[in-house]
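Q: predicted structure and sequence below. I'll ask about it afterward.
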Amino acid sequence: MVREKFLQTLNETIDVNPRFSFTDFTIEQKKTTSDRLSTIVRIQYNYEDKYCMVINIPDSRVKFKNRFDETELDYRITCEISPGELELIEKTDVRGISG
């Protein structure tokens, strides 16, 4: 399961938008072992079922090159966003928590 600090960061990020409050969303998490994923976090908008985001957090870090061409370890996190800009469900990969 994810740390409480990560959940707090999600809530604070939602609250930055003046149209929303973190209370407008339900955040659920579950553990899994499929596809080398460790935790799935689902952020669901309470007033419209089609609006959600699923964050797939892997169980280990992978190697990335930084801007100095040095190797760093970080998480490659896959997010599914609904609705997306073009598709009903779009996937994107981000690097680490700040991504």
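A: Perfect, thanks for sending it.
Q: for this structure, longest strand please?
A: Longest strand of the chain, by residue count under DSSP state E: strand 37-45.
Q: residues in contact with the helix or strand following that strand?
A: Later in the chain than strand 37-45, the nearest helix or strand by DSSP states H and E is strand 52-58. For strand 52-58, contacts defined as CB atoms under 8 Å, 6 or more residues apart in numbering pick out 2, 35-45, 75-82. For every residue, glycine as well, the C-beta is placed using N, CA and C.
Q: pull out the buried residues from stretch 40-48.
A: 40, 41, 43, 44, 45 (16 or more other CB atoms under 10 Å).
Q: distance between that stretch and the chain's centre?
A: Centre-to-centre, stretch 40-48 and its host chain are 11 Å apart (CA atoms, centre = their mean, to the nearest Å).
Q: the residue nearest the centre of the chain pairs with what?
A: Taking CA atoms, centre = their mean as the criterion, residue 55 is the residue nearest the geometric centre of the chain, at 3.3 Å. Beta-bridge pairing for residue 55 (DSSP bridges): residue 41, residue 79.
Q: please report how far it lies from residue 92.
A: 11 Å (CB to CB, to the nearest Å).
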